[in-house]
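Enquirer: missing the sequence, but the structure's below:
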């Protein structure tokens, strides 16, 4: 029997699926509706300083007919009075004691202001606090959000103010708009945070309307960078999550965020170390009802893999994340095309010919062209297998016998030992010895 | 003659509504987005005009509709008629790789229509560079798909073009000969309009050999292109053919295309002789004109039937009755058709084309009461007026041409379309015309 329950830095929920701090978690009405439909937790839309929003807050990125592959927003934190929010948080928590109610907070950088909002949040009965250090627009102009997340010292200082008075778990939410996300992560750790949420949205301009020449979204003719989210950002989010998970100095529970739409996406975040996952764009697109497939799909997959708890597979992929210098240079694969599955679109041919290493031939056979890989020339780049529209038609087949292994770092160490400098000639000698042909 | 009741305007609109409705901007892009954008795509090879299909479809997805139309028209001047009337399931769409993937092929014909109609609606801006006039003149006999395509191509190359058309409207079979729920006369005339916009002159109501002599044309022009198609529907050659209510399929289709449908008489019970695509057009038109019973009488069996699957399904959906292995031997009646006497056949040996021949079964004659007989046994070309062209060679009712240049045995005379192939699709004629233009240009500039 699969158990989806989790404990993320002391915050417990019956499943790992939380609403991210965003429009879907704006009110008691929405959060309670989400809980009714099965969501495990919520991170209440950020409360704090007084703000006003504008009209035209979002811009969509459509790809090849697919709506909202990405969404960009210039919406600020909650524009409802803070008292209303506190009242609704308390009410929601009272009604839903088994779900995680985390409150996202953001105020100006004053110790007493932060400590005041923390105390008032605890008074609502909430299960945890998330510090919004990521909001990339508007709030950052006022010295909050990403303006904090981009400076590890500020992260540490404010987090310390919070953990000093908080009696409930504190998650720090990081911005990806930074060169190395591990630095604010380490700052959170040093300030005794209980966990890290990431990523917040990515600075973006989503597009320009070619009829009006206006940047989207246009606020009465003006625009600005917004925060980019949705399926398109998932790979970037996975990278940042892996960075935090892999860092030995941090070692904190992770709440993963960024383009999660399906249970498969969620499983990938968990495999890279996340304990809970937060969703926003998918809910904004399709509504809370997606929770049914998220829970069922993840449960069925775990059953098929023999996992009974989230902990059984959490972080299982982290150890693979390594430096390029530790990759085996003698690992050799080639593309093989299953002619019985080929539909003769020739996309592998043109991709290899124009975009890779010219090792697929187009041979006229009967009425069709037949694509054939010259294996001796194939560099094993995978591109053809990625463009092929037929599942399982092109596979990358391992052709080395696995008996030899040599990484770049090992090779360099060897060169050093033998007194050989790194030159093209010395590299060619190594390649020749192992039958590696460079085109 | 028992006549079917005449349709009201509303009934006509309903019965003759387009079979395949047009896309709008959203549905077109959604369909185009399914295209894999194959390289050296099989659909292109499946198109007799070799349109670069995946390129024009890709352009629809990016909203480059003008570029899309240019890609299509670069290979085929008769693109709207072809988009609507081509048997796509055996051509481009039949070759779509998605068939092999177990998915629905891309609706190429419908997308082509979308791009071309958009071009027509946007006022037909200039797409191609036109060479300056070279002072040479080419005369074209017939303004069907072959003649129009040849004229358009030569006009771009700088030639003075004069097309001679015997009918009162140009366009040939595109205008007169395709069922109205596939293409309208307006579609064909829009194509003509576009080609006239390139400077092609079309004189209608001119019958070469009567209004003007061949000699005069040969004298007047530096080269001649013959794109006269075929003539009337072939006769049945059985007793009773003269009776009131016996009509050729093309003549019947032409009547309804001319728009005077209120006056088109259709019998209550109609027999259509022959089972090609034109027979199906005639039968479905008769049925949609509210004939009570329409049957197709065909001497061979279902397997040998020339109509393609799409047409066959269409006819069956319309409730057309098929009487296979049946040959008409006499049309019965006093002044008007009252019945048709037929004989049953069985299949014998295969003929030279590999189709099994019908062999009459003795004493199997029977009579079917009908009020109208429409015959569609293929058409015969009317080539006699070409006799005065020296060296022109005609074999089995086809004008012989060089397969690359479309030049006849008389170097100054070229030909293409149905009159050289005995009757194929519009797209084949359009391709012939375009290729012949290259042949003519080579001849005149060489």
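Expert: Arrived safely, thanks for sending. Remember, predicted model here, so these are calculated numbers, not experimental data. Numbering: from 1, shown residues only, chains lettered A, B, ... in the order given.
Enquirer: correct me, but residue B:424 touches residue B:416?
Expert: No: taking C-beta atoms under 8 Å as the definition, residue B:424 is not a contact partner of residue B:416, at 10.7 Å. Placement of C-beta: from N, CA and C, glycine included.
Enquirer: Those two: which has the busier surroundings?
Expert: residue B:416 (31 against 14; other C-beta atoms under 10 Å in any protein chain shown).
Enquirer: Name the nearest residue to that one, ignoring sequence neighbours.
Expert: Nearest non-adjacent residue to residue B:416, counting by C-beta to C-beta, 6 or more residues apart in numbering or on different chains: residue B:432, 3.1 Å away.
Enquirer: same thing with residue B:337?
Expert: Residue B:337 sits nearest to residue B:245 (C-beta to C-beta, 6+ apart), 3.7 Å away.
Enquirer: what does chain A have sitting close to chain B?
Expert: A:64-65, A:343-347, A:349-350, A:362, A:368-369, A:389-390 (C-beta under 8 Å from any C-beta of the partner chain).
Enquirer: If we use 6 Å, what do you get?
Expert: By the rule C-beta under 6 Å from any C-beta of the partner chain, the part of chain A lying against chain B is A:64-65, A:343-346, A:350, A:389.
Enquirer: now, which of those sits nearest residue B:322?
Expert: For these, the closest approach to residue B:322 (C-beta to C-beta) belongs to residue A:343, at 35.0 Å.
Enquirer: got the contact list for the residue positioned nearest the centre of chain A?
Expert: The residue lying closest to the centre of chain A (C-alpha atoms, centre = their mean) is residue A:237, at 2.2 Å. Going by C-beta atoms under 6 Å, 6 or more residues apart in numbering or on different chains, residue A:237 touches A:199, A:258-259.
Enquirer: swap the cut-off to 7 Å and go again
Expert: By C-beta atoms under 7 Å, 6 or more residues apart in numbering or on different chains, the contact list for residue A:237 reads A:199, A:257-259.
Enquirer: any chance of these in JSON lines, with pLDDT, neighbour count and secondary structure too?
Expert: Output for these, formatted as JSON lines (pLDDT from 0 to 100; neighbours: other C-beta atoms under 10 Å in any protein chain shown; DSSP: H, G, I helix; E, B strand; the rest coil):
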{"residue": "A:199", "pLDDT": "98", "neighbour count": "27", "secondary structure": "coil"}
{"residue": "A:257", "pLDDT": "98", "neighbour count": "32", "secondary structure": "strand"}
{"residue": "A:258", "pLDDT": "98", "neighbour count": "32", "secondary structure": "coil"}
{"residue": "A:259", "pLDDT": "98", "neighbour count": "24", "secondary structure": "coil"}
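Enquirer: Pull out the buried residues from stretch B:272-291.
Expert: Buried residues in stretch B:272-291, counted by 16 or more other C-beta atoms under 10 Å in any protein chain shown: B:272-291.
Enquirer: and it, how far out from the chain's middle?
Expert: 15 Å (C-alpha atoms, centre = their mean, to the nearest Å).
Enquirer: residues making contact with it?
Expert: Stretch B:272-291 has contacts (C-beta under 7 Å, 6+ apart) with B:4-5, B:7, B:15-16, B:178-179, B:236, B:249-250, B:252-253, B:256, B:264, B:266-270, B:294, B:296-298, B:305-308, B:311, B:314-315, B:318-320, B:328, B:373-377.
Enquirer: I'd like the distance between residue A:206 and chain B.
Expert: 18 Å (C-beta to the nearest C-beta, to the nearest Å).
Enquirer: can I assume residue B:72 is in contact with residue B:51?
Expert: Yes: the criterion here is C-beta atoms under 7 Å, and residue B:72 meets it with residue B:51 at 5.6 Å.
Enquirer: For the chain, identify the residue most remote from the centre.
Expert: Since you didn't name a chain, this refers to chain A. Outermost residue of chain A (C-alpha atoms, centre = their mean): residue A:366, 47.4 Å.
Enquirer: think we crossed wires, I meant chain B
Expert: residue B:363 (39.0 Å).
Enquirer: For it, give its distance to residue A:179.
Expert: 97 Å (C-beta to C-beta, to the nearest Å).
Enquirer: mind checking pLDDT for the residue nearest to residue B:416?
Expert: We have a pLDDT of 98 for residue B:432.
Enquirer: Then residue B:16?
Expert: Looking at residue B:16, the pLDDT reads 89.
Enquirer: again with the one 5 residues further on
Expert: You'll see residue B:21 listed with a pLDDT of 92.
Enquirer: Could you break chain B into its assigned domains?
Expert: B:18-121, B:137-231+B:380-445, B:246-375 (automatic domain parsing).
Enquirer: so which of those comes closest to residue A:326?
Expert: Residue A:326 sits nearest to domain B:18-121 of all these, at 37.6 Å, using C-beta to C-beta.
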